[in-house]
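> Sequence and predicted model, in that order:
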Protein chains: 2
Amino acid sequence: MFFETFHQDKNSRARTGVIHTEHGDIETPSFMPVGTQATVKSLDSFDLRDLNAQIILGNTYHLHLRPGEDIVAKLGGLHKFMNWDRPMLTDSGGFQVFSLGKQIPPLLGEGQGVEFRKERLAKIDKDGVTFKSHIDGSTHRFTPESSIKIQHKLDADIIMAFDECAPDNVDAKYAREAMERTHRWAKRCLEYHLSSPPLYKGRVREGYRQHLFGIVQGSNHRDLREESARHISAMDFDGIAVGGESIGYNMSATKEILDWVYPLLPPDKPHYSMGLGLSPLDIFEVVERGIDMFDCVAPTRLARHGMLFLPPLNKGRAGEGYRINITNSRFASDAKPIDKNCACHTCQHYSRAYLRHLFNAGELSAMRLATIHNLHFFLDLMKQIRAAIAEDKFLKLKKEWQSYAKN
Amino acid sequence: MFFETFHQDKNSRARTGVIHTEHGDIETPSFMPVGTQATVKSLDSFDLRDLNAQIILGNTYHLHLRPGEDIVAKLGGLHKFMNWDRPMLTDSGGFQVFSLGKQIPPLLGEGQGVEFRKERLAKIDKDGVTFKSHIDGSTHRFTPESSIKIQHKLDADIIMAFDECAPDNVDAKYAREAMERTHRWAKRCLEYHLSSPPLYKGRVREGYRQHLFGIVQGSNHRDLREESARHISAMDFDGIAVGGESIGYNMSATKEILDWVYPLLPPDKPHYSMGLGLSPLDIFEVVERGIDMFDCVAPTRLARHGMLFLPPLNKGRAGEGYRINITNSRFASDAKPIDKNCACHTCQHYSRAYLRHLFNAGELSAMRLATIHNLHFFLDLMKQIRAAIAEDKFLKLKKEWQSYAKN
């Protein structure tokens, strides 16, 4: 069995469960750190193990361009390539190629978009997308089949159908066209995936397979979103993702879309929100809407800018909000750890004053230590959320965090 | 006892010994990784512990400017500040302030110089040096007393006298002036050091003290170098360093200077070469000349540029030289570790192909993994050298490495 649900919260759509993969289990709801280029920026795979991350994400667009799926395959697939023996997920590359030419907020762009380009670099036709590399301008092409083929070579446990990530507010006519194209492509991905012989021989585990997820699109049109949710849910996917330009970037639209599609998603398959906002509070919003897994660049990206997350207000920490900018001069001689109750490597061993110094002096070690803390914070919050759901106290926990954020 | 010698090589001046400090022992000859700004670039103190580094170096000039010695003192000294409980050494800041305005080769500059500046930023008088910060242009002043005072606040186990690091090839008149100033300053440093009450209260160890080293100067004039060696050796320092613009930057001058001064240095005190070239072969040159400790930026700086060290030629590694540029395309799908016999974290867990990818993709983790390997390489070579000296096989080992470098 790929997915089991354990407990449905009595007061919301939040639920706990577990995804079984050949590289281990993923407790849900699950936060997936983003490892765009076969590395979570500034960390190595042992750091991720020490953090007890259960799954990480890789980006097909980036890995296709660099180092290329053939090199990864030659090295034995992504797991061996980066020496990570726990579950992985790759996206289809769709989000990135459709983002080429669009402005992605830089703070959110990591692993999900590429830098802002004025000229439009991607061209779509009925069979796929032709696009130019943001690295060297070379021309590439993704089709549903080629995206799956690349993801087969990368060999993550969970792979994604190739979809058209149309802009949010396109008119209903284009939004329908894009959605129908996504549905045709979903079918082609599934057919290609199910008919492909296994690429890797001599696997450690007999019966290893990659699990393919479909993606619900439909821009910000309720009727299309509902139609897409029905359509994708009826297909033979292992899980259902909700994609789109707004997902994660615009949390009020994200909440609305998740509310629309929830009643139509199969409860026996994992639900994946392809993005999340900048705040830990956004986690509560998607989990409350029945989401089992999500990726989020905020903890890693913000860490590299010295923005460090803090848990709800404790005594003596008034005025710190739910995150601090460690480069602030008020931390210059602060001997306390980022968070005195945090069990992460950084909080156990280094002071705010030291971290501030490392950031101010432009030292690389600052980024790693900050990333370790922020990822630990997100992973620990997921633990708390799973425990709260199990006791039907999810909404209580949410309320605590919300009231804290207002302080 | 601060310093013990164990074995004098029968065929050279190389010797083994141990320096005892309140934070632990340093086996000599010892290589000291450079931790300019209270961090060895890209690593944290646990990485250094895993590498079994026995001592690291901090730079007074840099730490004075950022974060400032008062902040470090408030946090309990450098050891506590960076959570490093093994021996440390700080330089006096002399090298850096005298380098202001001079061109330091960028590849060698880390921790030992600052970036190239056209205008001369340092002004010397009989009592000290007034200089401008390379960070913000603010004016600062070091005197013999203030340098020691700063180093007391930083609280490293070994501290250095404030010297004038005059250019190599100044005329004999200026060279003598500078040397005599260095000697007067050495006396003032020693007097200030010995008469200062301990700054830190409540130390863990009773009787903790900082050990002050004097520095031999004299530019590239044999008579002055000999005079300086005699003069500094006659003073009540705990160790004797050989400084100067050439030391480490110009290996043929370094060798010549070390040959001049060796017979005049007290054998019962550690001898410190304040710098080393770019090659592991240079280690043999200074150790052969009776040097017990040296610092070197090559392994860390080169690592961050993807230059990785390799031990002597093994079968099947023809043509690789003693270091490789891992960004080279020939490593694109090379599944081997950097060095199959290396026990470092990087070689034990990651392939050349993966490291090449990380460097090519501009990933921060590349620098840490490369730094770990290069430091392990240098530290391991020191182990081999100490073992060879103990068996009177130092010159044999040197010859092996030299013949290898020619392949």
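Perfect, I can see it now. All values reported here derive from a predicted model rather than from experimental measurement.
> Enumerate the residues of chain A near chain B.
Chain A comes close to chain B at residues A:37-39, A:41-46, A:62, A:66-67, A:71, A:74-76, A:81-83, A:332-333, A:335, A:345, A:349-351, A:353-354, A:356-358, A:360-361, A:363-365, A:367-369, as judged by CB under 8 Å from any CB of the partner chain. Any C-beta I mention is one placed from the backbone N, CA and C, and that applies to glycine too.
> So chain A: which segments form each domain?
Following automatic domain parsing, chain A resolves into domains at A:3-297, A:303-406.
> Run the chain-centre distance for the last one.
The one in question is domain A:303-406. 20 Å (CA atoms, centre = their mean, to the nearest Å).
> now chain A, which segments are flagged as low pLDDT?
Scanning chain A for pLDDT under 70 picks out the ranges A:100-120, A:199-207, A:313-321, A:404-407.
> Pick out the residue nearest the middle of it.
In chain A, the centroid-proximal residue (CA atoms, centre = their mean) is A:Asp295; its distance is 1.7 Å.
> doesn't A:Ile247 make contact with that one?
No: with contact defined as CB atoms under 8 Å, A:Asp295 does not reach A:Ile247; the gap is 10.5 Å.
> Neighbours of A:His193, how many?
23 (other CB atoms under 10 Å in any protein chain shown).
> mind listing what it touches?
Contacts of A:His193 were listed using CB atoms under 8 Å, 6 or more residues apart in numbering or on different chains, and they are A:Ile148, A:His152, A:Ile159, A:Gln210, A:Leu212.
> wouldn't the last one be in contact with A:Ala241 here?
Meaning A:Leu212. No: judged on CB under 8 Å, A:Leu212 makes no contact with A:Ala241 at a distance of 10.6 Å.
> Between those two, tell me which one has more neighbours.
A:Ala241 (28 against 23).
> Could I get the full set of strands for the stretch 51-200 of chain A?
Listed in chain order, the strands of the stretch 51-200 of chain A (DSSP state E, counting those that start in this stretch) span A:56-58, A:88-90, A:122-125, A:128-132, A:139-142, A:158-160.
> Kindly reformat these as a markdown table containing distance to B:Gln384 and mean neighbour count.
Listed next are the strands of the stretch 51-200 of chain A as a markdown table, based on distance: least, CB to CB, whole Å; neighbours: other CB atoms under 10 Å in any protein chain shown:
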| stretch | distance to B:Gln384 | mean neighbour count |
| --- | --- | --- |
| strand A:56-58 | 38 | 25 |
| strand A:88-90 | 40 | 26 |
| strand A:122-125 | 55 | 14 |
| strand A:128-132 | 51 | 20 |
| strand A:139-142 | 49 | 16 |
| strand A:158-160 | 47 | 27 |
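> just the strands in the stretch 301-407 of chain A please.
Going by DSSP E, counting those that start in this stretch, the stretch 301-407 of chain A shows strands at A:307-309, A:323-325.
> Tell me the buried residues in the last one?
If I follow you right, that is strand A:323-325. A:Arg323, A:Ile324 (16 or more other CB atoms under 10 Å in any protein chain shown).
> Run a quick neighbour tally on the nearest residue to A:Ala166 once chain neighbours are set aside.
The shortest distance from A:Ala166 to any non-neighbouring residue, by CB to CB, 6 or more residues apart in numbering or on different chains, is to A:Ala178 (3.7 Å). Other residues near A:Ala178 number 22, with proximity taken as other CB under 10 Å.
> quick one: A:Ala178 and A:Asp168 touch, right?
No: assessed by CB under 8 Å, A:Ala178 is found out of contact with A:Asp168, at 11.3 Å.
> which residues are common contacts for those two?
A:Ser219.
> before we move on, back to that, take the domains of chain A and lay them out in CSV including distance to B:Lys126.
Shown next, in CSV, are the domains of chain A (distance: least, CB to CB, whole Å):
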stretch, distance to B:Lys126
domain A:3-297, 48
domain A:303-406, 33
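> Run through the residues that contact A:Pro67.
If you count contacts by CB under 8 Å, 6+ apart, then A:Pro67 has A:Ala38, B:Ala332, B:Ala353, B:Arg356, B:His357, B:Asn360, B:Ala361 around it.
> try 7 Å this time
B:Ala332, B:His357 (CB atoms under 7 Å, 6 or more residues apart in numbering or on different chains).
> for A:Gln217, same thing?
A:Asp163, A:Glu164, A:Ala166, A:Ala178, A:Met179, A:Thr182, A:Ser228, A:Gly243, A:Gly244.
> For it, which non-adjacent residue is spatially closest?
Using CB to CB, 6+ apart, the nearest residue to A:Gln217 is A:Thr182, at 4.6 Å.
> burial measure for the one you found, as a count.
When neighbours are counted by other CB under 10 Å, A:Thr182 comes out with 26.
> Same question for A:Trp185.
25.
> ok, it touching A:Pro144?
Yes: the pair A:Trp185 and A:Pro144 passes the contact test of CB atoms under 7 Å, sitting 4.2 Å apart.
> where do the contact lists of these two overlap?
A:Phe162.
> ok, the nearest residue to A:Tyr208 once chain neighbours are set aside to chain B distance?
Sequence neighbours aside, A:Glu22 is the residue nearest to A:Tyr208 in space, at 4.4 Å (criterion: CB to CB, 6+ apart). Taking CB to the nearest CB, to the nearest Å as the measure, A:Glu22 falls 21 Å from chain B.
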